[in-house]
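In: next input, structure requested:
(one chain, ligands or ions: 1)
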Amino acid sequence: MRRGLPQDGGLIDKDKDPEMGKIDILGIVGSLRKDSYNRALLKAAQELAPDGAVLSLIELHGIPVFNQDDEMAPPATVLEFKRRVLAADAILFATPEYNYSVPGALKNAIDWASRPYGKSAWLGKPAAVMGASTGSLGTVRAQYHLRQILVAQNMPVVSQPEVMLSNAEKRFDRSGRLTDEPARELIQALLSALLLLVKNNPIGKSQAA
Ligand SMILES: Cc1cc2nc3c(=O)[nH]c(=O)nc-3n(C[C@H](O)[C@H](O)[C@H](O)COP(=O)(O)O)c2cc1C
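Out: Numbers count the residues shown, from 1 in each chain. I've put the predicted structure just below:
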C-alpha cells in the first residue's frame, strides 16, 4: 500500500496519485531470457491484477554473484533490488525450473536481499509463487525448492492455488500473451489469495523495514 510513509521518501503526492492505497505487489522475473515465458506469465498477472492491487515487475539482470565479503557494501543493483523488495507489500515470484530447482540467478538475488544477517528484506513479506516451463511438470520441483527457501525468511506464502504452467511453448501466442484460459483463471485466484494474505498479515512491511 502506498501509505506515504518513509519508504517512499515522502515523494508521493497523495492527492495526485491514483494508485494510492492500492496493494503494491512486486513481481520477480526469475529468468534472464529475453523471451522468457515466466516474464510473460507475470505480464498476464499484471493484466489480471484485481482493482485493489498494482503489480510491477523487477528483473535480475546485473546482479553479481553473491560474495559475503561484499554484503556490508553491496553494489547499486543489489541496493535497488533490496529497496524494491522492502517497499512492496507482497512478492509474486515467477520461476523457471533449471535442473529440478530454481535458476541460480533467482537464488542469488534472494541471498543478496537476505543479507546482512538481521537486515533481510524478505522477512515476513507475504508472497505467492508461480512458474512456467517447457517440461511436462510445469516447475513443480522448482516451486517446492523455492517454498523451502522462503521458509528461511519466515515469509507467509500462498498455499493454493498452485500455478504450474507445463508445456509453456503451447500456451502463449506470438506476441507473448497467455492464451490458456484455465491458467489465466488460476493466476487471478492466486492474486486474490495473495491479497487476502496481505490483509491478514500483521507483520508485512513494518517488520521488514
Ligand atoms: C539449464 C536449464 C535447465 C532446465 N531444466 C529444466 C527442468 O528441470 N525442468 C523443466 O521443466 N524444464 C527445464 N528446462 C527448460 C525450461 O523450462 C525452459 O528453458 C523455460 O523456457 C525456461 O523459462 P523461461 O522461458 O522463463 O526462461 C531447463 C532449461 C535450462 C536452460
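
In: what does the protein have sitting close to the ligand?
Out: 31, 33, 36-38, 96-100, 132-135, 137, 168 (Cβ under 6 Å from any ligand atom). Backbone N, C-alpha and C define where each C-beta goes, glycine included.

In: what's the closest of those residues to the ligand?
Out: residue 135 (2.3 Å; Cβ to the nearest ligand atom).

In: circling back to that earlier point, among the residues of the chain next to the ligand, which one sits closest to residue 147?
Out: Using Cβ to Cβ, the shortest approach to residue 147 within the residues of the chain next to the ligand belongs to residue 97, at 13.2 Å.

In: in this model residue 152 seems to touch residue 123, though I could be wrong.
Out: No: proximity of residue 123 to residue 152 does not meet the contact threshold set by Cβ atoms under 8 Å, at 10.0 Å.

In: more crowded one of those two?
Out: A count of neighbours by other Cβ atoms under 10 Å puts residue 123 above the other of residue 123 and residue 152, at 17 against 13.

In: what's the helix or strand for that one?
Out: Using DSSP states H and E, no element contains residue 123; it sits outside every helix and strand.

In: and for the one 5 residues further on?
Out: Here residue 128 sits within strand 127-132, counting by DSSP H and E.

In: now residue 159
Out: Going by DSSP H and E, residue 159 is not part of any helix or strand.

In: so which residues of the chain form strands?
Out: Listed in chain order, the strands of the chain (DSSP state E) span 23-29, 53-58, 90-94, 127-132, 163-165.
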